[in-house]
Structures are given as structure tokens and as C-alpha cells.
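J.: Task: produce atomic coordinates for the following.
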Amino acid sequence: MQNSHSLFSLVFFLILLYGCDDSQQEPTQVSLVSALGNSAEQDLTRYRQAIAIRPFSFPEDHSAHPGFKNEWWYFTGNLKTQDGRRFGYQATFFRIALRPDIAERPSAWATHQIWMAHMALSDFETGEHLTAQRFARDALGFAGSSASGLKIWLEDWQLELSPDGMIWSLALKEKSFSFDLQMVPLKAVVLQGDQGLSKKGNAPGNASYYYSIPRLETRGSLTINGAQHMVQGDSWLDREWGSSALEEGQVGWDWFSLQFDSGEELMYYQIHCRGGVPDGNGHGSWVAREGSVSPLGSEQIQLQPIRYWVSEQGERFPVSWRLSWPERDKAWLIEAVFDDQLMEMAVRYWEGAVTATEVASGRVVGRGYLEMTGY
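T.: Numbering: from 1, shown residues only. Coordinates of the predicted model:
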């Protein structure tokens, strides 16, 4: 972690600077995981907790759950143009509760919620990794989520779901790059963990409610420095909400989402301690071509770092991994498309496009995304 400040404190500081000019000093960077552990600064028991298995209902559960402290809508994908130029993208909306009370207050400025969003674009041709972030209060229309249906926005960054629940739309625009994408699910919702309850540790409540849509057919446009590219490909949606996740000694995770040319998908994450040492908490799922789901645990999946990339600040990120599933006689080499896909913003982590090469044949058999925190 970069320092001991919580994301709660960081967000307050950033909101005070909201609207200031570019001459302001950049805020101190903090670790994303600092917001997801128990802390003496916060009484997390006043929030709702992810403790018991619950029924999921869609499209209702695609919307916000404001009684919980943290929540996110996480899109990643690999796209290409008609002539074969490839890109990876990420678009994420985070909801962060400032306090557990959710009752309305009379002031139009009043809010219990802060929103943060990240966008990133990896250009495989140039090796350029473009990033942007926003923070906004859930007040005066700056940011928020709709009460009926799904619409989330931070100013003109928007995520919408059609009334029939079948078309997701992303529209995010910055000066140097933008997305305008429409996505249609090709696979049903996958409840991760134990029927959607994803435990990260042993203590009750150190968990999240977690589901994925592992493949969405994606079409639309990317604009880079004024040049528009029509693209198509596959996206992945991860949804999580909870009030605490990590416990003492846990500092981060390694998360893989892989989409294979065979029509199968794999998600797996492991929690690790300092130095990237796994602590035995690892979970995931294998989705067959026809949609059947096989849960995965740390006793089934083996992860071995192969090669590291070192950032300017000295962090060593493993950007090449061997991921093995011995009982199915499967093994892949998971490699970053290019090394520097660091999300070097107020919250700092590595998130980037990867290829999956079958070890037995040496063929690239899939693509996906890798996220690493706590290094």
C-alpha cells in the first residue's frame, strides 16, 4: 500500500478539489484495497454485510445497493477493427458510501454517496495505455444511479441498461479518447463463490456479493486523438458489492478473466499477502460453451509467476503467469499484451489486456484481462 489513509479520506479530499484547475497538486495515491478492509477509523458494522447467501433477481440486482459500503460495475474487453487492429478497454463505476445512514436529507447538496469512475484504453499497435478518472458527489445531478432501471452517471460518463435488460451501453468521453459501446450478453449471469457469496477470508462479512456476465458481444466506436475506430469483440462484466473484504495480512489480489476461442470462459482470483505470497483464498469458475458452470477453488488451480515488470516506483508486477488446472489437464501461459498497463491514478493498480496461450500446443487460444493490486 502507498500509505495508511483510507479511500474514505482520499475521496473527501478529492471532492474538495472538484472543479479546480489543472494547477492543483495531484492528490496522494492510495491503495484500492485500503478501502476494503476493517479499520479502526470506520464502524463497518453499521453498513449492511455480505454474510449469508441471498436470492438474486435480475435486472433489479444490476442496480445499486446503497446500504453497503462499496460497489462496482466493472467492464473489460478485447476489441478489434475490421482490418484487425486490436484494443483492450476498461470502464468501471465505483459507488462509495460516506456513512451508513441512507435516509434522505432536505439539502440538495446532501449525500451519503461518492462516485468514482475509471476508464482505460490499451492500443496494441502503439503500446499506448490511456487512462482517465473522475470523482463526483451523488448530489445536484453530478453523479448517481436511477431508482428504476439501470442508469449510472458521473457527469457525461454514463452506463445504461435497456428496459428489457438485454443491451448494455457505455458512453465515456475524455479529451484524448472516448468509448461508445453497446453490449449484448451471450452467456447468462454466473453467481461467483457460494451462490453469489464470495468470501475473501474467514471472518464473517469479509466477503462480497459477486456475479459476472462472462461474455457480451460488443460493438461500437473508440476515438483516439480525434480518430474514430469502429470495433467489435467481447466484453466481460463483473459486479460486486459489500462492506468489507480483506482481513489482516491480506494486501491485494490477482484476478484473471479469460475468454477462449472455443466459447468457454474462466475467472479466477487469489488473495495474497505482502510480496505476492498467496494466502490460500482463491476462487473462480469455468463456464462451458453451452453455459454450464463449474466452481473452482485454490486446491484446483495453480498459479505460477513467470516474468515481472518493474514500475518507476519500484513495484514488481508479474505480467506473465502459468495458470494450470491439473485435473482437466489444462495449462495456459497468460501474458500481458504489453507490460505497462498501470492504472497510475489516485488509486493505483495494474489492469491490462492479456493473451492466453495453450502450453501443450503453443497456440494463442484466448484473450482476457488481468488485474493486480497490493504490489
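J.: C-alpha only now, for contacts and for neighbours.
T.: OK.
J.: how many other residues sit next to residue 313?
T.: Applying other Cα atoms under 10 Å, we find 6 residues neighbouring residue 313.
J.: just the helices in the protein please.
T.: 7-17 (DSSP state H).
J.: lowest-pLDDT helix or strand in it?
T.: Within the chain, no helix or strand scores below helix 7-17, which has a mean of 40 by mean pLDDT, DSSP states H and E.
J.: any idea how far the closest residue in space to residue 286 that isn't next to it in sequence is from residue 255?
T.: Nearest non-adjacent residue to residue 286, counting by Cα to Cα, 6 or more residues apart in numbering: residue 266, 4.6 Å away. Per Cα to Cα, to the nearest Å, residue 266 is found 11 Å from residue 255.
J.: what do you get for residue 213?
T.: With Cα to Cα as the criterion, residue 213 and residue 255 are 15 Å apart.
J.: what does residue 156 give?
T.: Counting by Cα to Cα, the gap from residue 156 to residue 255 is 29 Å.
J.: neighbour count winner among these two?
T.: A side-by-side neighbour count of residue 156 and residue 255, using other Cα under 10 Å, places residue 255 first with 19 against 12.
J.: now the strands: where do they sit in the stretch 51-200 of the chain?
T.: 70-80, 86-97, 113-123, 128-137, 143-145, 150-154, 157-161, 168-173, 177-185, 190-191, 197-199 (DSSP state E, counting those that start in this stretch).
J.: Dump the ones you listed to CSV, plus mean pLDDT and distance to residue 325.
T.: Listed next are the strands of the stretch 51-200 of the chain as CSV, based on pLDDT from 0 to 100; distance: least, Cα to Cα, whole Å:
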stretch, mean pLDDT, distance to residue 325
strand 70-80, 96, 24
strand 86-97, 94, 26
strand 113-123, 93, 29
strand 128-137, 91, 31
strand 143-145, 79, 40
strand 150-154, 90, 37
strand 157-161, 95, 35
strand 168-173, 97, 33
strand 177-185, 97, 27
strand 190-191, 98, 20
strand 197-199, 92, 21
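J.: Redo those as a markdown table? Include mean neighbour count and distance to residue 331.
T.: Below are the strands of the stretch 51-200 of the chain laid out as a markdown table (neighbours: other Cα atoms under 10 Å; distance: least, Cα to Cα, whole Å):
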| stretch | mean neighbour count | distance to residue 331 |
| --- | --- | --- |
| strand 70-80 | 22 | 21 |
| strand 86-97 | 22 | 23 |
| strand 113-123 | 22 | 26 |
| strand 128-137 | 19 | 28 |
| strand 143-145 | 22 | 41 |
| strand 150-154 | 22 | 38 |
| strand 157-161 | 20 | 36 |
| strand 168-173 | 19 | 33 |
| strand 177-185 | 20 | 27 |
| strand 190-191 | 20 | 23 |
| strand 197-199 | 23 | 25 |
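J.: Out of the ones you listed, which gets nearest to residue 344?
T.: strand 128-137 (8.1 Å; Cα to Cα).
J.: Quick check: can you name the pairing partners of that closest one and their directions?
T.: strand 113-123 (antiparallel) (DSSP bridges).
J.: contact partners of the partner strand?
T.: 11, 66, 86-99, 128-138, 143-144, 154, 172, 341, 343, 352-353 (Cα atoms under 8 Å, 6 or more residues apart in numbering).
J.: Residues in a beta bridge with the residue lying closest to residue 156 once chain neighbours are set aside, which ones?
T.: Using Cα to Cα, 6+ apart and skipping residues adjacent in sequence, the residue nearest residue 156 is residue 172, 6.9 Å away. On the basis of DSSP bridges, residue 172 is bridged to residue 179.
J.: In contact with residue 172, which residues?
T.: Contacts of residue 172 by Cα under 8 Å, 6+ apart are 119, 156-158, 178-180.
J.: For those, give me CSV that also has distance to residue 203.
T.: Output for the contacts of residue 172, formatted as CSV (distance: Cα to Cα, whole Å):
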residue, distance to residue 203
119, 33
156, 39
157, 36
158, 36
178, 41
179, 40
180, 41
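J.: For these, which two are the farthest from each other?
T.: The farthest-apart pair in these, when distances are taken by Cα to Cα, is 119 and 156, at 13.0 Å.
J.: any low-confidence regions in this protein?
T.: For the chain, applying pLDDT under 70 flags the ranges 1-45, 100-111, 139-141, 147-149, 245.
J.: Closest to the centroid, which residue in it?
T.: In the chain, the C-alpha nearest the mean C-alpha coordinate belongs to residue 74, at 4.1 Å (Cα atoms, centre = their mean).
J.: Can you tell me how far the nearest residue to that one once chain neighbours are set aside is from residue 360?
T.: In space, and not counting its chain neighbours, residue 74 is closest to residue 92: 4.5 Å by Cα to Cα, 6+ apart. Using Cα to Cα, residue 92 is found at 35 Å from residue 360.
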